[in-house]
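Participant: model this:
(one chain, ligands or ions: 1)
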Amino acid sequence: MRVVIVGGTSGIGLATAVRLAAGGAEVVVTGRSRERVQAALKQLGDQASGQAVDACDTDAMRALFAGLGAIDHLVVTVTRRGGGGPLSTLTRDGLLDAVEGKLAPHLLTAQAALDVLAPEGSITFVTAASAGAPFPGIAALAAVNGAIEAAVPGLAVELAPIRVNAVSPGVIDTEWWSEAGDAARAAFFEAAAASSPAGRVGTPDDVAAAIEYAVRNTFVTGTVLTVDGGGRLKK
Ligand SMILES: NC(=O)c1ccc[n+]([C@@H]2O[C@H](COP(=O)([O-])OP(=O)(O)OC[C@H]3O[C@@H](n4cnc5c(N)ncnc54)[C@H](OP(=O)(O)O)[C@@H]3O)[C@@H](O)[C@H]2O)c1
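Facilitator: Residues are numbered from 1 along each chain as shown. Predicted coordinates for the structure are as follows:
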């Protein structure tokens, strides 16, 4: 089984690569930073390979897949950090940045992989539980993630027998939060854990387990799997 994880050098993508490689898969991880690709490969061992490619560069992604040849499964995790904040502060540039950094590379990476993806294979997108939750201050991010989730059922029919799913994480302790700074990040995680029925924030492997399920279970398609510790619910 050969799996390409676009955004596989950190956080949820790297945890997915670790899991799938441990289960015997040949994994190919990508990210923009060559150093992070190399660091990930040290962790992943002989079955893994990787390339530094920006998923927002559709031509480069087409060249990547043409060079790789046949693959069985595709996982896409990439995102940018912009576009957060209340509606009153949202700018056109911020909104388009969120679209260009997540919605566009998710759908266009899937398109770029179609020629090499096995008919019995799968595509798994990584969205966000905020898409369906009443959280203030994230309308643009919720809209972008909701747009990917909205595409899943139709793509599962359009691309069948290729399966198409999304995994929708809640608050997960990854590098994504590093820009907030250590103190703000710790305070946010503490508050998120306190308001979550699970009583904690998630680990990258919590989400990777759901991605592995979507990849391996041949009867799962057109589905959005929420992995958020119940954080979208009022406790
Ligand atoms: N962490 C959370 O609490 C949380 C919650 C809900 C949803 N999510 C979603 O989960 C997904 C993964 O997030 P994460 O928390 O695992 O983040 P992360 O630790 O920052 O990992 C992101 C990965 O994507 C790569 N990447 C980003 N932009 C890319 C691009 N344009 N082209 C190629 N690779 C790119 C990064 O490598 P380079 O930087 O080297 O490119 C890295 O490998 C995201 O879509 C995020 O929205 C996360």
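
Participant: what residue is smack in the middle of this structure?
Facilitator: Centroid-nearest residue in the chain, with CA atoms, centre = their mean: residue 77, separated by 2.3 Å.

Participant: how many other residues sit next to the closest residue to it other than its chain neighbours?
Facilitator: Nearest in space to residue 77, with sequence neighbours left out and distances taken as CB to CB, 6 or more residues apart in numbering, is residue 7 at 3.5 Å. To be clear about C-beta, it is placed using only N, CA and C from the backbone, and glycine gets the same treatment. For residue 7, the count of nearby residues is 24 (other CB atoms under 10 Å).

Participant: please apply the same query to residue 25.
Facilitator: 22.

Participant: enumerate every residue touching it.
Facilitator: Residue 25 is in contact with 1-3, 47, counting by CB atoms under 8 Å, 6 or more residues apart in numbering.

Participant: mind doing that once more with 7 Å?
Facilitator: 1, 3 (CB atoms under 7 Å, 6 or more residues apart in numbering).

Participant: before we move on, what about the one 10 residues further on?
Facilitator: If a contact means CB under 7 Å, 6+ apart, then residue 35 has no contacts.

Participant: how close does it get to residue 57?
Facilitator: From residue 35 across to residue 57, the span is 19 Å (CB to CB, to the nearest Å).

Participant: count of neighbours near the residue in the chain positioned nearest to the ligand?
Facilitator: In the chain, the residue that lies nearest the ligand is residue 11 (2.3 Å; CB to the nearest ligand atom). Residues lying near residue 11 (other CB under 10 Å) number 23.

Participant: for residue 58, same thing?
Facilitator: Residue 58 has 15 nearby residues by other CB under 10 Å.

Participant: and residue 145, by the same measure?
Facilitator: By other CB under 10 Å, neighbour count at residue 145 equals 28.

Participant: ok, and it, which helix or strand is that part of?
Facilitator: helix 139-158 (DSSP states H and E).

Participant: now the end-to-end length of stretch 37-57.
Facilitator: The separation between the terminal residues of stretch 37-57, taken as CA to CA, to the nearest Å, is 17 Å.

Participant: now do the phi/psi pair for the residue at the greatest distance from the centre of the chain.
Facilitator: Outermost residue of the chain with respect to the C-alpha centroid, by CA atoms, centre = their mean, is residue 88; its distance is 27.8 Å. Backbone torsions of residue 88, given as degrees, to the nearest 10, read phi -60, psi -20.
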